[in-house]
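S.K.: Have a look at this prediction, sequence included:
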Amino acid sequence: VSTQSTGTANYQPHIFAFSSQQEKRAAAREVKEVSGIKGKVEDWENITHANFSFQELGGMFQTRMLKSSLRKLIRCVTLVLIDNRLSDLRELTFPCVTELNLSLNLFTSFEHLPTCPRLTTLNLSGNRIEAVDGVERYKSHLRSLKIKNNPLVWKEPRYKELLFERCGALEVIDGMTREAVQREKEQRDG
């Protein structure tokens with residue numbers, strides 16, 4: 001698990017020899033104060049970038065533990081969960097996430113994605129999305145969507161048009177702008 005938190009000092013481990021328990025406790029307090037830890041080993045609430053990729057978190061226990069950790073990411077802006085066999089995160093809300101990468105998972109619907117009121121960039125490449133239903137929940141803020149290598153792409157030749165129709169803020173789908181898709185449609189329709 002790779003995480004970043006702003007404002008956390010780097011801790012340099014040292015080896016000490018103490019003559020009493022009192023000296024040992026005093027030294028431990030000093031190390032915590034110098035390192036910025038101050039009694040808190042995990043600071044999930046202040047993490048701004050989190051990467052939980054390639055963890056194979058699809059098992060019941062792993063998924064439950066992951067969701068428990070993810071619920072704490074209240075300030076996270078960038079969240080990466082690539083290739084974890086995840087299929088449903090709809091009960092989670094990420095109030096600050098603007099960039100979400102869920103590629104190479106098992107999602108079958110936009111409705112199974114977490115709530116992200118500030119989401120602007122979403123990568124769902126290599127999932128099992130079959131329909132555009134549910135994308136409307138991101139219509140006011142989603143700007144860029146990668147959805148290649150999903151059944152939707154093969155089953156619905158007009159998938160980009162449909163996504164642009166349902167999600168007004170979208171500017172780019174799989175590297176193609178709204179204008180390029182419109183030109184492509186006009187050429188096809190003659």
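M.R.: Alright, I've got the coordinates.
S.K.: Can you tell me how far the residue nearest the centre of the chain is from Asn150?
M.R.: Centroid-nearest residue in the chain, with CA atoms, centre = their mean: Leu79, separated by 2.8 Å. Distance of Leu79 to Asn150, given as CB to CB, to the nearest Å: 20 Å. C-beta here means a position set from N, CA and C on the backbone, and glycine is covered the same way.
S.K.: And Cys76, by the same measure?
M.R.: As defined by CB to CB, Cys76 lies at a distance of 25 Å from Asn150.
S.K.: Show me where the chain has its strands.
M.R.: Assigned by DSSP state E, the chain shows strands spanning 2-5, 47-51, 78-80, 99-101, 121-123, 144-146, 172-173, 176-177.
S.K.: could I get those as CSV with distance to Phe164 and mean pLDDT?
M.R.: Output for the strands of the chain, formatted as CSV (distance: least, CB to CB, whole Å; pLDDT from 0 to 100):
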stretch, distance to Phe164, mean pLDDT
strand 2-5, 34, 46
strand 47-51, 29, 95
strand 78-80, 25, 98
strand 99-101, 19, 98
strand 121-123, 14, 98
strand 144-146, 10, 98
strand 172-173, 7, 98
strand 176-177, 10, 96
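S.K.: For Ser68, which of those strands is the nearest?
M.R.: Closest to Ser68 of the strands of the chain, according to CB to CB: strand 47-51, at 13.6 Å.
S.K.: pull the CA atoms of the closest one into PDB?
M.R.: Extracted C-alpha coordinates of strand 47-51, given in PDB (Å, rounded to 0.1, in the frame of the first residue of the first chain):
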ATOM      1  CA  ILE A  47      -3.800  11.500   3.200                       C
ATOM      2  CA  THR A  48      -4.200  13.300  -0.100                       C
ATOM      3  CA  HIS A  49      -3.000  10.600  -2.500                       C
ATOM      4  CA  ALA A  50      -3.600   6.900  -2.000                       C
ATOM      5  CA  ASN A  51      -2.600   3.900  -4.100                       C
END
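S.K.: Need the strands of the chain in TSV (columns: distance to Met60).
M.R.: Shown next, in TSV, are those (distance: least, CB to CB, whole Å):
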stretch	distance to Met60
strand 2-5	23
strand 47-51	22
strand 78-80	21
strand 99-101	23
strand 121-123	25
strand 144-146	29
strand 172-173	34
strand 176-177	39
